[in-house]
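A.B. asks: compute the structure for the input listed below.
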Amino acid sequence: MRHLLRRRTASDPIAIVAAVIVLASTAALTAQRAAQRAPASAASAPVSSYRIVKIYPHDRAAFTEGLFFQEGVLWESTGQNGSSWIRKVRLENGEVLQQTPLEPQYFGEGIVAWKKSLIQLTYKTEIGFVYDITTMKRLRSFNYTGEGWALTHDGTRIIMSDGSSSLRFLDPETLKETGRLPVKDAGKPVLELNELEFVKGEILANVWKTERIARISPKTGQVIGWVDLAGLLDPRDAAGVDVMNGIAYDAAGDRLFVTGKLWPKLFEIRIVPPAPGR
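C.D. replies: Residues are numbered from 1 along each chain as shown. From the prediction side, this is the model:
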C-alpha cells in the first residue's frame, strides 16, 4: 500500500490545518507557563488621610518652592522671576526674621541646609547657589543639567527633584550628581515629583498639581504609601491660590508641616493610616 500514500505538502489543506492546530496549542501552553512564572501585578500603595493639629499664618505672596524647619524656625524659598527670595520665618506668627532676594533673571526653587551652608536651585537656568546660612551671604554657584525643583537630604546625600519621575542624589560637598532613583507606584513611574522632605527614613514628595504626598523608599524608589490631603485648605481661603507645595518636618518636636503656593495658611498635620483591610 506504500505506493498509494502520497506526501503532504505545504499547499495541502489538511497539512495546513494540522500545523495551525499544533502552533495554537504550543502558543497556549507557552502563555500558560509564562503566566505561572510571572509575579502578580503590584497593587498601588495604601492611602493615608490626615488630621489637622494646628494652623499657622502663611504669606499669601509666597510662591512656595522650598520649605524646611531647623533650630526652631521655618526656612522658605519662593519662585517667580522678580519675586524669588529665601526667607527665615517665625513659625508662630509668620514674622520675617531674615530675607535675601534672588536676581530677577532667576526663578527660585528648592532649598536645603547642609552644615553651615544653605543650598538653592533655580528652575530652568541650570544654576544653583550656596549661601552662608547665618548671614545669607552668597558664597558660590554650581551647575546641573535640566530643571531644578526641590531639595532635601538624608544625612549623607543631597536629594533633588527635577520634575521627572526620578530623584537625583548629589554629593553634599561638590554638589555633583552621584546617581538617580526612579520612583514608581504599582510598576508605573510617578511623574512631576516636586517639593521634598526626608522624614523618618522616607522621602516625602509633593506631586505637582495634585493634593497628594508620596512616601518613597530611598532604597528602592517604590512608593510605600500616599497621603491624601484633599480638603486641607478651606474653600473660603482658596481664592487666588496655586497648587499645594511645601513640606517641612520638625524632628525634635515630631511635627509635620504642609502648605502651598500663595496659600494664606500653613498646617501642622498628623498622618492617619488607612483602616485595616483598606
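A.B. asks: relative to Ala251, how far out is Lys209?
C.D. replies: 29 Å (C-beta to C-beta, to the nearest Å). For the C-beta atoms, the positions are set from N, CA and C on the backbone; glycine is no exception.
A.B. asks: same check, this time on Asp154
C.D. replies: Taking C-beta to C-beta, one finds Asp154 at 13 Å from Ala251.
A.B. asks: can you pull out the strands in the stretch 1-150 of the chain?
C.D. replies: 47-57, 64-70, 73-78, 85-89, 96-101, 108-114, 117-122, 127-132, 138-143, 150-153 (DSSP state E, counting those that start in this stretch).
A.B. asks: what's the closest of those strands to Asn194?
C.D. replies: strand 150-153 (5.8 Å; C-beta to C-beta).
A.B. asks: name the next helix or strand following the closest one along the chain.
C.D. replies: As assigned by DSSP states H and E, the chain's next helix or strand after strand 150-153 is strand 158-161.
A.B. asks: mind listing what's buried in that next one?
C.D. replies: 158-161 (16 or more other C-beta atoms under 10 Å).
A.B. asks: please apply the same query to stretch 62-78.
C.D. replies: 62-70, 74-78.
A.B. asks: possible to save those as JSON lines with pLDDT and distance to Asp234?
C.D. replies: Shown next, in JSON lines, are the buried residues of stretch 62-78 (pLDDT from 0 to 100; distance: C-beta to C-beta, whole Å):
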{"residue": "Ala62", "pLDDT": "97", "distance to Asp234": "18"}
{"residue": "Phe63", "pLDDT": "97", "distance to Asp234": "20"}
{"residue": "Thr64", "pLDDT": "98", "distance to Asp234": "18"}
{"residue": "Glu65", "pLDDT": "98", "distance to Asp234": "23"}
{"residue": "Gly66", "pLDDT": "98", "distance to Asp234": "25"}
{"residue": "Leu67", "pLDDT": "98", "distance to Asp234": "20"}
{"residue": "Phe68", "pLDDT": "98", "distance to Asp234": "25"}
{"residue": "Phe69", "pLDDT": "98", "distance to Asp234": "23"}
{"residue": "Gln70", "pLDDT": "95", "distance to Asp234": "29"}
{"residue": "Leu74", "pLDDT": "97", "distance to Asp234": "21"}
{"residue": "Trp75", "pLDDT": "98", "distance to Asp234": "26"}
{"residue": "Glu76", "pLDDT": "98", "distance to Asp234": "21"}
{"residue": "Ser77", "pLDDT": "98", "distance to Asp234": "25"}
{"residue": "Thr78", "pLDDT": "97", "distance to Asp234": "23"}
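A.B. asks: tell me which of those is nearest to Pro218?
C.D. replies: For the buried residues of stretch 62-78, the nearest to Pro218 is Phe68 (16.9 Å; C-beta to C-beta).
A.B. asks: wait, that closest one sits on Trp114?
C.D. replies: No - the pair Phe68 / Trp114 is not scored as a contact, 11.1 Å apart, by C-beta atoms under 8 Å.
A.B. asks: how long is stretch 72-92 from one end to the other?
C.D. replies: 10 Å (C-alpha to C-alpha, to the nearest Å).
A.B. asks: what about that stretch, distance to the chain center?
C.D. replies: Per C-alpha atoms, centre = their mean, to the nearest Å, the displacement of stretch 72-92 from the mean C-alpha position of its chain is 20 Å.
A.B. asks: out of the strands of the stretch 1-150 of the chain, nearest to Val272?
C.D. replies: strand 47-57 (4.6 Å).
A.B. asks: which of the residues in the closest one are buried?
C.D. replies: Residues of strand 47-57 classed as buried under the neighbour-count rule (16+ other C-beta under 10 Å) are 48-50, 56.
A.B. asks: what helices and strands are in contact with that strand?
C.D. replies: strand 223-228, strand 265-272 (3 or more C-beta pairs under 8 Å, 6 or more residues apart in numbering; DSSP states H and E).
A.B. asks: hang on, Leu97 packs against Val89?
C.D. replies: Yes - using C-beta under 8 Å, Leu97 is in contact with Val89, at 6.5 Å.
A.B. asks: quick one: common contacting residues for these two?
C.D. replies: Val73 (C-beta atoms under 8 Å, 6 or more residues apart in numbering).
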